[in-house]
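Q: Turn this into a model:
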Amino acid sequence: MLVSHQIEDPEAASFGTLTIIYNHNHGEISDKLNHVQHDYFQNIVSTTHIHLDPHNCLEVLILKGKAGQLKSLADMILSIKNVKHGKFVIASTETDLDA
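A: Numbers count the residues shown, from 1 in each chain. You can find the predicted model right below:
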């Protein structure tokens, strides 16, 4: 409950994961994802790319930054044409969670 409340503040220090699945053969999705990730390198701590089969890829991005920035970044990536599925999970890094 405390985390849910804190991440409502767009300025809250946060981290999260974004998992997406996409078919790399559709359009220029790989290029689009690559450009977005380079544009937001300051918020992307790490990425993992897995080839699920000859066509589909899974990527997991570990994100860090202000809650509002991370939500916007996740929404931007999830809205890219041909992203088949995605899930964003966010948590707070605020220090008063022990209260």
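
Q: give the contact list for the closest residue to M76 other than its chain neighbours.
A: In space, and not counting its chain neighbours, M76 is closest to V36: 6.2 Å by Cβ to Cβ, 6 or more residues apart in numbering. No exception for glycine: its C-beta is placed from N, CA and C like everyone else's. Taking Cβ atoms under 8 Å, 6 or more residues apart in numbering, we find V36 in contact with L73, M76, I77, I80.

Q: Of these, which is the nearest to A12?
A: L73 (14.8 Å; Cβ to Cβ).

Q: Check which helix or strand that closest one maps to.
A: Per DSSP states H and E, L73 falls inside helix 67-78.

Q: Show me where this structure has its helices.
A: Under the criterion DSSP state H, the chain carries helices at the ranges 2-6, 29-39, 67-78.

Q: sorry, back to before: would you tell me which one of the contacts of V36 comes nearest to L18?
A: I77 (6.2 Å).

Q: Return the residues in contact with that closest one.
A: If you count contacts by Cβ under 8 Å, 6+ apart, I77 has them with L18, I20, L33, V36, L61, V83, G86.

Q: per-residue confidence for G86?
A: Looking at G86, its pLDDT is 97.

Q: Assess the claim that it and L78 are in contact.
A: Yes. Between G86 and L78 there is a contact at 4.4 Å, judged by Cβ atoms under 8 Å.
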